[in-house]
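S.K.: I would like the atomic coordinates for the input below:
(one chain, ligands or ions: 2)
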Amino acid sequence: MKARVAVLAGDGIGPEVIAEGLRCLRAIAGLFGHEFELTLLPFGGVAIESHADPLPESTLSACLAADAVLLGAIGGPKWSAPQAPLRPEAGLLRLRAALGTFANLRPVRVHAALADASTLKADVVQGVDLLFVRELTGGIYFGDKHRDAERATDVCSYTAAEIERITRVAARLAQSRRRRLTSIDKANVLETSRLWREVCTRVVAREFPDLTLEHMLVDAAAMHLIRAPRDFDVLVTENMFGDILTDEAAMLAGSLGLLPSASLGEGRRGIYEPIHGSAPDIAGRGIANPYGTILSVALLLRLSLGLDAEAGALEQAVAAALGDGARTPDIAPAGTRALSTREAGEAVISRLQRPG
Ligand code: IPM
Ligand code: MG
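M.R.: Numbers count the residues shown, from 1 in each chain. Ligands and ions are numbered 1, 2, ... in the order given. As a prediction, the model looks like this:
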């Protein structure tokens, strides 16, 4: 098949991990006979430098015209002062809104060989296989904002329609898994959470009676996630709770660098990005973990291009590389030689096989 992928490498370690993601994408194209048109576009801090805009018009229109968007990471100390007039993060939020990607899927699987890489006990994290569905284009991220010298506000707002559609996405995914859905809110304090709970309950009761739905307060969920993470199957939650809890959940897998994500809207086009940030402290050293990006490429193949076998082949190659001990410094046991970003990418590509 032919497909167009807009590539936004961004800042910090973004370009380093994206380079490996692209090498995997090209390897898949070669192995399976596809033609992927990959267009690199300025985005984030680098685009503030070159275009005085974190999301230049030309980048946005290329993303709107593409079949999928592959994103590295954005941000850095240069653009993060409280008074900074332009922020890389604002570009990311505008991109998510413009593409209508309201559902952010963040799967967390603990690879058998990596149970020892987590800061949690191996017997707690072994066998974890959960999926976060984070609402991505509403809530406090997108409500009215105000700041003067004496006072600042961020409004959190949700409509019933926004809650309905994200509940449906999560519920459908739960139906294809272990049929357990946990909705996370703060209904003991927040009005948005009380609406969330009401709407979520109604949608599941009417449309997904085969699911087991449980509601959990966000503070309890934060605790339960590290106490008994195997209890969870699919978790659905609002934008900011999802942001916070998915960084926590990444620690189950051993490193933030391992987790992929897919952001989807009504159609097939999506934004695919590792959940980690730009990590300015290690940028330019060639030691960043590329697995989260490579696994995001696998999600892109499956969810936006419908290439299931290709996605599976890439995921299996990652599993094989990890199983053979191909580890970057963030997941390498003390005293072992860790691989560079490039070597980890190489370890995956050399294990890529066509199924059958
Ligand atoms: C994420 C990031 C972003 C978010 C930032 C960079 C705006 O933390 O994708 O989790 O908060 O959504
Ligand atoms: Mg985050």
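
S.K.: show me the strands in this protein, by range?
M.R.: 2-10, 35-40, 68-73, 103-109, 129-135, 145-147, 152-154, 180-185, 212-217, 234-237, 262-264, 270-272 (DSSP state E).

S.K.: now do Gly356 against Phe32, distance only.
M.R.: Plainly put, Gly356 is 12 Å away from Phe32 if you go by CB to CB, to the nearest Å. C-betas here are computed from N, CA, C, even on glycine.

S.K.: Ile140 now?
M.R.: 42 Å.

S.K.: the more surrounded of Gly356 and Phe32?
M.R.: Neighbour count, other CB atoms under 10 Å: between Gly356 and Phe32, Phe32 has more, with 15 against 4.

S.K.: the more buried one contacts Glu310, doesn't it?
M.R.: Yes - using CB atoms under 8 Å, Phe32 is in contact with Glu310, at 5.4 Å.

S.K.: against the centre of this protein, work out the most remote residue.
M.R.: Of all residues in the chain, Glu150 has its C-alpha farthest from the mean position, at 35.5 Å, by CA atoms, centre = their mean.

S.K.: report pLDDT for that residue.
M.R.: Per-residue pLDDT puts Glu150 at 98.

S.K.: the longest helix seen in the chain vs strand 2-10, what angle?
M.R.: Scanning the chain for the helix with the most residues, using DSSP state H, yields helix 14-32. For helix 14-32 against strand 2-10, the angle by axes from the mean of the first three to the mean of the last three CA atoms, to 10 degrees is 160 degrees.

S.K.: now helix 14-32: buried residues?
M.R.: Within helix 14-32, the residues that count as buried by 16 or more other CB atoms under 10 Å are 14-25, 27-29.

S.K.: the inter-axis angle of it versus strand 68-73?
M.R.: Using the same axes, to 10 degrees, the direction of helix 14-32 lies 150 degrees away from that of strand 68-73.

S.K.: got a list of contacts for stretch 203-216?
M.R.: 163-164, 167-168, 171-172, 174-175, 179-185, 187, 197, 200-201, 224 (CB atoms under 8 Å, 6 or more residues apart in numbering).

S.K.: separate out the buried members of those.
M.R.: 163, 167-168, 171, 174, 180-185, 187, 197, 200, 224.

S.K.: which of these sit farthest apart?
M.R.: Arg168 and His224 (24.4 Å; CB to CB).

S.K.: could you pull up phi and psi at the residue farthest from the centre of the chain?
M.R.: The phi and psi torsions at Glu150 (degrees, to the nearest 10) take the values phi -110, psi -10.

S.K.: quick one: contacts for it?
M.R.: Contacts of Glu150 by CB under 8 Å, 6+ apart: none found.

S.K.: how much space separates it from ligand 1?
M.R.: Going from Glu150 to ligand 1 by CB to the nearest ligand atom, to the nearest Å gives 26 Å.

S.K.: for the stretch 251-356 of the chain, which residue gets nearest to ligand 1?
M.R.: Ile275 (5.6 Å; CB to the nearest ligand atom).

S.K.: I'd say that residue and Leu258 touch.
M.R.: No - between Ile275 and Leu258 there is no contact under CB under 8 Å: 9.1 Å.

S.K.: got any residues that touch both of the two?
M.R.: With CB under 8 Å, 6+ apart as the test, Ile275 and Leu258 both reach Ala250, Gly292.

S.K.: what about these two, which has more around it?
M.R.: A count of neighbours by other CB under 10 Å puts Leu258 above the other of Ile275 and Leu258, at 29 against 23.

S.K.: pretty sure the more buried one contacts Ala250?
M.R.: Yes - Leu258 sits in contact with Ala250 when judged by CB under 8 Å, with a separation of 7.1 Å.

S.K.: tell me how many other residues crowd the nearest residue to Ala27 once chain neighbours are set aside.
M.R.: Among residues not flanking Ala27 along the chain, Ile349 sits closest, at 4.9 Å (CB to CB, 6 or more residues apart in numbering). Other residues lying near Ile349 total 19 when counted by other CB under 10 Å.

S.K.: need the per-residue pLDDT for Ile349.
M.R.: Ile349 is given a pLDDT of 98.
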